[in-house]
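Chemist: I need the structure of the sequence given here:
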Amino acid sequence: MTTVLAPVAGAAIGLAAVSDLVFSQGMVGPGMAIDPERRSGEAVAPISGTIVKLHPHAYIVVGDDGKGVLVHLGIDTVQLRGEGFALLAAEGDRVLAGQPVVAWDPAAVEAGGRSPVCPVVALDAGDGMVGEVAEGRVDAGDPLFQWA
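Modeler: Residues are numbered from 1 along each chain as shown. Here you go, the predicted structure:
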């Protein structure tokens, strides 16, 4: 069982509520999303492992068990080309769960006309493998869901 942590503080919501169909229909996998607090801060590693992909707006951490978790900071934020994001780690780095990976400002994302909602996805997880999901407010580093 892998405990996946909330990468940012905010309100835990189901992926079905995400405005991007790729996430809301579970095309990349099951998980949760967070409607973040509208203040600048750091997005943290959801699990301990290696950062295998790192873009300013999204990152994937793969644990020693091979489970990969995608964190996507906002919707359509790839269009920002890194503006408003600061990398705090590098691809290939080993990170501990809760370690800062990217600094960003959800309020600035929203002010630019994009959703700051953050999908957190268990990549390649099968149906029914994600459970014990958080409800309501979470802080960065709080348990978000369990991955069997």
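
Chemist: which residues of the protein score low on pLDDT?
Modeler: Judged against pLDDT under 70, the chain has no low-scoring part.

Chemist: what sits against the residue most central in space within it?
Modeler: By CA atoms, centre = their mean, the chain has its centre lying nearest to residue 71, at 2.6 Å. Residues near residue 71 by CB atoms under 8 Å, 6 or more residues apart in numbering: 7, 43, 46, 58, 59, 60, 61, 101, 118, 119, 120. (C-beta placed from N, C-alpha, C; glycine too.)

Chemist: Quick check: which element contains it?
Modeler: Using DSSP states H and E, the element containing residue 71 is strand 68-72.

Chemist: what's the next secondary structure element after that strand?
Modeler: Downstream of strand 68-72, the next assigned helix or strand under DSSP H and E is strand 85-87.

Chemist: Surely residue 15 is in contact with residue 27?
Modeler: No - applying CB atoms under 8 Å as the test, residue 15 and residue 27 come out as separate, 10.0 Å apart.

Chemist: Show me which of the two is the more surrounded one.
Modeler: residue 15 (23 against 10; other CB atoms under 10 Å).

Chemist: Give me the phi and psi for the more buried one.
Modeler: For residue 15, the backbone dihedrals are phi -60, psi -30 (criterion: degrees, to the nearest 10).

Chemist: Now do it against residue 44, distance only.
Modeler: 20 Å (CB to CB, to the nearest Å).

Chemist: re the thing from before, so what's the residue nearest to the centre of the chain closest to, chain neighbours aside?
Modeler: residue 7 (4.7 Å; CB to CB, 6 or more residues apart in numbering).
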